[in-house]
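> coordinates only, sequence not included:
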């Protein structure tokens, strides 16, 4: 089993319900309840103008490998209604949009992965202060 840390966020619809639904789906897909969770906090949209987000961080122990875990996260996003695909400007910089749910893999044990579809640790852990705040407030359940 490997400890994984995920960031969940929502800025459309019933934001808290979206996060709680994603957590329930993760519990099922990862065959166990999360072992730690941060408070759910409100944050400003980063990288674009949009409604505020609700965000939280959770930790799971999983036997899933990183790319199957990414597929689980993306399936949960789609099942909850997310329809946008990643979009980039002419310089290759990601263009962000409002979203019903976002499930990002922040850490996967001590592994480092740099790929086209997955980078671990997540490249924005250090650039987004709210992520560090959430990580500092994780509490075991």
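Thanks, I have it. Since we're looking at a predicted model, the values are computed, not measured.

> switch to C-alpha atoms for all contacts and neighbour counts from now on
Noted.

> And for the residue lying closest to residue 8 once chain neighbours are set aside, the neighbour number?
Nearest residue to residue 8 in three dimensions, chain neighbours excluded: residue 103, at 4.7 Å (Cα to Cα, 6 or more residues apart in numbering). Residue 103 has 24 neighbours, counted by other Cα atoms under 10 Å.

> Residue 103 is in contact with residue 73, isn't it?
Yes - here residue 103 lies in contact with residue 73, judged by Cα atoms under 8 Å, at a distance of 5.7 Å.

> helix/strand/coil for the residue in the chain sticking out farthest from the centre?
Largest separation from the mean C-alpha position in the chain: residue 90, at 25.7 Å (Cα atoms, centre = their mean). Three-state assignment for residue 90 (DSSP: H, G, I helix; E, B strand; the rest coil): coil.

> Check residue 21 too.
Note that with three-state DSSP, the state of residue 21 is helix.

> Tell me, how many residues neighbour it?
For residue 21, using other Cα under 10 Å, the count is 15.

> Renumber starting at 12 from here on
Yes, from this point I'll number from 12; that puts the last item at residue 32.

> any idea how far it is from residue 96?
To residue 96, residue 32 is 21 Å away according to Cα to Cα, to the nearest Å.
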